[in-house]
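Provided below for reference: sequence and predicted model.
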Amino acid sequence: MRITSKGQVTIPQEIREQCGLMPHTQVRFQVENGRVLIEKESAAPTPSRDGLQRLRRARLRSRLSTDALLALSRGAEHP
């Protein structure tokens with residue numbers, strides 16, 4: 001794995017899936033004993049953040065209608 005000129009690196013899909021690193025997941029970098037650690041931020045769940053996560057997951061797995069997306073944003077599990 002190489003770091004790009006912009007300082008970017010791709011986290012392998014297997015590791016992203018294993019650690020639950022979805023698009024827009026907040027992470028934190030730490031240096032310990034000369035090693036760089038990436039840690040998933042534990043965000044306190046809020047209604048708006050929870051709704052956004054549901055919308056992102058729905059968008060990734062299907063093409064939902066506007067009404068279905070709005071129902072998800074309001075907290076409905078299955079529109």
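Received, thanks. Numbers count the residues shown, from 1 in each chain.

this protein: strands as residue ranges?
27-32, 35-40 (DSSP state E).

tell me what the last one is packed against?
What that stands for is strand 35-40. strand 27-32 (3 or more Cβ pairs under 8 Å, 6 or more residues apart in numbering; DSSP states H and E). (Glycine included, C-beta is placed from N, CA and C.)

tell me the contacts of Arg16?
Counting by Cβ atoms under 8 Å, 6 or more residues apart in numbering, Arg16 touches Met22.

and for Gly51?
Counting by Cβ under 8 Å, 6+ apart, Gly51 has contacts Leu72, Ser73, Arg74, Gly75.

same deal with Ser5?
Applying Cβ under 8 Å, 6+ apart, no residues contact Ser5.

ok, now how distant is it from Cys19?
Distance, Ser5 to Cys19, using Cβ to Cβ, to the nearest Å: 26 Å.

gap between the spatially most central residue of the chain and Gly34?
Geometric centre of the chain, nearest residue: Met22, 2.8 Å, by Cα atoms, centre = their mean. To Gly34, Met22 is 29 Å away according to Cβ to Cβ.

could you give the number of residues near Leu52?
Residue crowding around Leu52 was assessed by other Cβ atoms under 10 Å; the count is 14.

now do Pro12
Neighbourhood size, Pro12 [other Cβ under 10 Å]: 9.

what's the separation between it and Leu72?
Relative to Leu72, and taking Cβ to Cβ, Pro12 is found at 29 Å.

looking at the contacts of Gly51, state which has the most neighbours.
That'd be Leu72 among these, by other Cβ under 10 Å, with 22 neighbours.

follow-up on the earlier one: grab the nearest non-local neighbour of the residue nearest to the centre of the chain.
For Met22, ignoring the flanking residues on the chain, the nearest one in space by Cβ to Cβ, 6 or more residues apart in numbering is Arg56 at 6.7 Å.
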